[in-house]
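# Got a predicted structure plus its sequence, pasted below:
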Amino acid sequence: MKAFRLTILFIFIISLAHAQTYDVKGTVKDNTGMPLVGVSVVVKGTTRGASTDMDGNFAINKVEKGKVLEFSYIGYVTASLPVRSASPMNVVLKEDNQQLDEVVVIGYGLQKKKDVTGAVSLVGEETLTELKPVNASMALQGTTSGVSVNTASGSPGGNINILIRGVSSNGNNAPLVIVDGYEGALNSISPDDIESITVLKDAQAAIYGIKGANGVILVTTKGGRKGMAPKVKLSTYTGVQQTTKRLDYMNATEYAALLNESYANNGEALPFPNLASLGKGTDWQDLVFRNAFMRNVNASVSGGGERVSYYLGASNLTQDGIVASEKSNYTRNNVRVSLGIDITDKIKTSLTANYFNNQRKSISENVLGSVLFNALNFAPTFGVNDEDRKGFVGNEVINPLAQINNTYNAYDGNGLEGNFQLDYKPVKGLSLTSRIGFKTYAEKKKEFKPIADFGPGKIYNVTRSTVVQDKNEFNSYTWETFGTYAHTFGESHNTAFTLGASVQRQWDNYLSATGYDIPNNSWDYADISLTTGINDSKTNSAAINDSRLTSYFGRVQYDYKGKYLLSGMLRRDASSDFPKDNRADYFSSVTAGWKISDEPFLKDIQWLGFLKIRGSYGTLGSNVGKNLYKVLLNGQAVYVLNGKIVNGAALGALPNPNAKWEVAEKTDVGFDLNLFKDRLGIVFDYFIEDRNDLLITNFPVSGILGTGAPGAKNPTVNAGATRNKGFEVALNYNHKFNDNASFSASYNITRVKGEVTAINGDVIPEGGEFSVGQLKPSRMEIGQPIGYFYGLQTDGIFQNQAEVDAHPSQAALGAEAKPGDIRYKDVNGDGKIDFNDRTYLGKPVATYYMGLNLSAKYKNFDLSTYLYAELDKEMVRNYERSQPNVNKNRYYLGRWHGEGTSNEVPRATTGATTNNLFSDFFVEDASFLRMQNVQLGYNLPKHLLESLRIENMRIYTSVNNVFTLTKYRGYDPSATNGDAIGGGIDYGFYPQARQYLLGINVTF
């Protein structure tokens, strides 16, 4: 009986223990300590639960002891915790970075990265933070396979050229940039406001029709997050800039000795009979280069409630130039707003807007007569304040400091861009979106040229002061409406259908006016309204442009069991830029993929994490050459009115009623491979692009049509074709040793080889300039890359008269050869040397470009570095003048001055020679390796910040443009003006600055 009672008591106690419940309370935060709003807290295995409030708090009554609570939130790893007591539960959710990285923007939608069947690259916020680029475009350099980024100038606010998989067109090769769904530009956005940049490189960009041929860059800016407490971020860096290179030019004594030899070799009196008194003279490069200041300040606040998310950011960038800082500087101001509102569970609306203001002053650069051009060529025997009063140096070269002092200009641009979007999900699987993107931009330019006398005969002398004022207004809007329906048939057939329409209008107007005789010859009075002079020639101009585009597009996506992937796209564009019969066309693509790693026969391979093969094919357009079918009055003519001769306008280029856009045909095959628990990632692509219907300008037609008047020229016609092919490889390695140490590395290499495959008719387009009055140095020809260098090929130096006599005559080039002159090859073998012996000398676009990026973290320290290289490319030294009295690079110290003294550098003489004709003597290997950035950072310990209510504080030091390894003698082997025909010709490119930065990031 006693045993029975004990048994009953034991069962009763067990049942009480089993039925014990608690009222559970707690707080949910992220790993930075910020409360998370709207976290789902559910008792596992039941429907009972709660959501966290604005402070991250939750409460669930009567939860049995031992039950498990599941905490789930989008973008975070789900946590499961058992209930053991009534004590408050403090839960920290970690961001699911893998989950966040899986979703990429693909154009009119999102897709998991593992399901993408096209060639896509992604640059995240961390890369932008580490590189600290002034222009967000530079974040793509070396970090993205298939993409090359080069500066047109290192001056503050200078242009940047982006190529995706090489040069395919002799016209525009710039990719389309889409910012949060609207057409924008990377130079108008603060890099601090960017969350990610996605690059579409293959036929997947066909969804953008006639604007997608050059690739598409999709920019996603930062926004708030619903359920997130307000988060304030402040960041700033400041630093000093300096040039990375000074060219090795002669000092005064070396220069004078060179000129003495030149004059003596031509039987003339020596200009510098006393060399001993000259010393080193004036180093003009040292005088024009300066250490320059730069600073960036950014502030933002973001957060959200149950149905609202918001982001507000503001930034200011100030950058002085390393050449003539007072006349070369740049300021950019940005204010960005992002707001999202869930009106109901089915209707959402969002607004993004970016205001930007750009102010810039600039000096003459990258042209004949630029500041650096003059700094290299002006004589070191002149003093700082000396002018060339006898015209000794020549008519094209002036004192660079005097040039700077007489340079006055200003640029001010203001813009507002953004979009308003409405999303509606009426039923499960169906989402409808309508949005209006807009951009308005107004810019003003003013340039003042005071009366200036740089010396007798100088072509840059100004006898009447002038002021030129320009005003340009650009506006655009895009209204897009599209819907996507996703549905799974059975359990295995997943589909998504997208259908939409787009209407776009772009219009701008331009006005320019010139005034003469500015009061007091002063910048302070440089305004059209104050000028007093009259000029007989036409000095004012205006232009109005209006362009419209109507599009319809659709996409079908299908997968079977998530393993076999297929998608197709179709777009119809109709553009007002082309004649009626060629105004509309269709562009399409198909992509496919196979996740082999999901097959049962590979499941047991432990080291294989993921393997997908994919391919794409499609056609895309490029709407270059607007309004070619119209007749414009942009020519010049002379008329007789009332017995007087007057200047007027005339027909410009002849119209082409058959003009149409270029068409790109793209093929891509590749694979994505992850190994060793996703520590190592490999992405490979092989691609071919055929670009057809290239526009050839000034295409020859009968002279009867009248193309001889000034401003008139032959029409532009679709008459060319090119092919680019190559491969990309991207490697990524990540390893976390423990909670305190991690390491990551990435490497990418791209090989692109392009050639012209067709040009209709007997036409060879030429471009670029070398020296003055010489034949064009660049051309486009079948079998060669676009814009290759074309000139004479050298074969050493004539050592004696016997060698001259034994060689075919070079007199047809302009002068008989003498010992010490350059010997040119008889390329065509006709027994004489003339301009028909010109041949291929190189190309300005690299065959290979690659990036290596390393990052390591240990406890609170982090270290990163980025390197970039371009191989197999050439550049032309066009900053060396041929006039006899200009300064020379010190390699001329190794010039020929007698038999056997040199076989590389010709003799010095003031007499007539052919040594300055465009040849491979002026073409150099411009391959390079550059360390773009190295940065060391430190995160202050949390316990030091808690009392200050600071969530995180990071201080760092960074160096940009650390060093460049190259054989090229010029300032910057990576610079180019961006011209397809005429690029890579160096007048003394404004070099990129080395930047020493110190910065701090604070989060509250």
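The structure has been received and is ready for your questions. Numbering: from 1, shown residues only.
# So, low pLDDT: which residues of the stretch 101-250 of the chain?
Low-confidence segments of the stretch 101-250 of the chain, defined by pLDDT under 70: 101-102.
# Swap in 80 and give it another go.
For the stretch 101-250 of the chain, the stretches with pLDDT under 80 are 101-105, 227.
# could you pull out the strands for it?
Remark: strands assigned in the stretch 101-250 of the chain by DSSP state E, counting those that start in this stretch are 103-105, 110-112, 120-124, 147-151, 160-164, 176-179, 182-183, 194-200, 216-221, 231-243.
# I'd like to know which elements the third one is packed against.
Contact analysis of strand 120-124 by 3 or more C-beta pairs under 8 Å, 6 or more residues apart in numbering; DSSP states H and E lists strand 194-200 as its packing neighbours. Any C-beta I mention is one placed from the backbone N, CA and C, and that applies to glycine too.
# What are the buried residues along the strand it packs on?
Ile194, Ser196, Ile197, Thr198, Val199, Leu200 (16 or more other C-beta atoms under 10 Å).
# report the angle between the axes of it and strand 160-164?
Using axes from the mean of the first three to the mean of the last three C-alpha atoms, to 10 degrees, the inter-axis angle of strand 194-200 relative to strand 160-164 is 50 degrees.
# Could you tell me the angle between strand 194-200 and strand 120-124?
170 degrees.
# For strand 194-200, give me every contacting residue.
Contact partners of strand 194-200, identified using C-beta atoms under 8 Å, 6 or more residues apart in numbering, comprise 104-107, 118-125, 128, 136, 139-140, 144, 146-147, 164, 175, 212, 215-223.
# For Ser328, list the residues it contacts.
Ser155, Pro156, Asp320, Gly321, Lys361, Ser362, Ile363.
# Dig out what the residue lying closest to Ser864 once chain neighbours are set aside forms beta bridges with.
The shortest distance from Ser864 to any non-neighbouring residue, by C-beta to C-beta, 6 or more residues apart in numbering, is to Ser855 (4.2 Å). In this entry, Ser855 is beta-bridged to Ser744, Ser864, by DSSP bridges.
# Now tabulate the contacts of Ser328 in a markdown table and tack on distance to Thr484.
Converted to a markdown table, the contacts of Ser328 look like this (distance: C-beta to C-beta, whole Å):
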| residue | distance to Thr484 |
| --- | --- |
| Ser155 | 45 |
| Pro156 | 43 |
| Asp320 | 49 |
| Gly321 | 48 |
| Lys361 | 48 |
| Ser362 | 46 |
| Ile363 | 51 |
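# Out of the residues you listed, give me the one that has the most neighbours.
Scoring the contacts of Ser328 on neighbours with other C-beta atoms under 10 Å, the highest-scoring entry is Gly321 at 29 neighbours.
# per-residue confidence for that residue?
For Gly321, the pLDDT comes out at 95.
# Tell me the spacing between it and Ala402.
Gly321 sits 18 Å away from Ala402, going by C-beta to C-beta, to the nearest Å.
# Next: Ile833.
Taken as C-beta to C-beta, the span from Ile833 to Ala402 is 41 Å.
# hang on, Arg949 packs against Phe1004?
Yes: here Arg949 lies in contact with Phe1004, judged by C-beta atoms under 8 Å, at a distance of 6.6 Å.
# And the helices in the stretch 701-850 of the chain, which stretches?
Counting by DSSP state H, counting those that start in this stretch, the stretch 701-850 of the chain has helices at residues 801-806.
# Tell me which stretches of it form strands.
717-738, 741-759, 766-767, 778-779, 788-791, 794-797, 822-824, 839-842, 848-858.
# send the alpha carbons of the second one over as CSV?
Written as CSV, here are the backbone C-alpha positions of strand 741-759 (Å, rounded to 0.1, in the frame of the first residue of the first chain):
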residue,chain,number,x,y,z
ALA,A,741,40.7,35.5,-37.8
SER,A,742,39.6,35.2,-41.5
PHE,A,743,41.2,35.6,-44.9
SER,A,744,39.8,36.1,-48.4
ALA,A,745,41.3,36.4,-51.8
SER,A,746,39.9,36.9,-55.3
TYR,A,747,41.5,36.9,-58.7
ASN,A,748,40.0,37.5,-62.1
ILE,A,749,41.5,37.5,-65.6
THR,A,750,39.8,38.4,-68.9
ARG,A,751,41.1,37.9,-72.4
VAL,A,752,39.5,39.8,-75.2
LYS,A,753,40.6,39.8,-78.8
GLY,A,754,38.7,41.9,-81.4
GLU,A,755,38.9,42.4,-85.1
VAL,A,756,37.0,44.2,-87.8
THR,A,757,35.3,41.6,-90.0
ALA,A,758,33.7,43.7,-92.7
ILE,A,759,33.6,47.2,-94.1
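# Kind regards, and thank you for your time.
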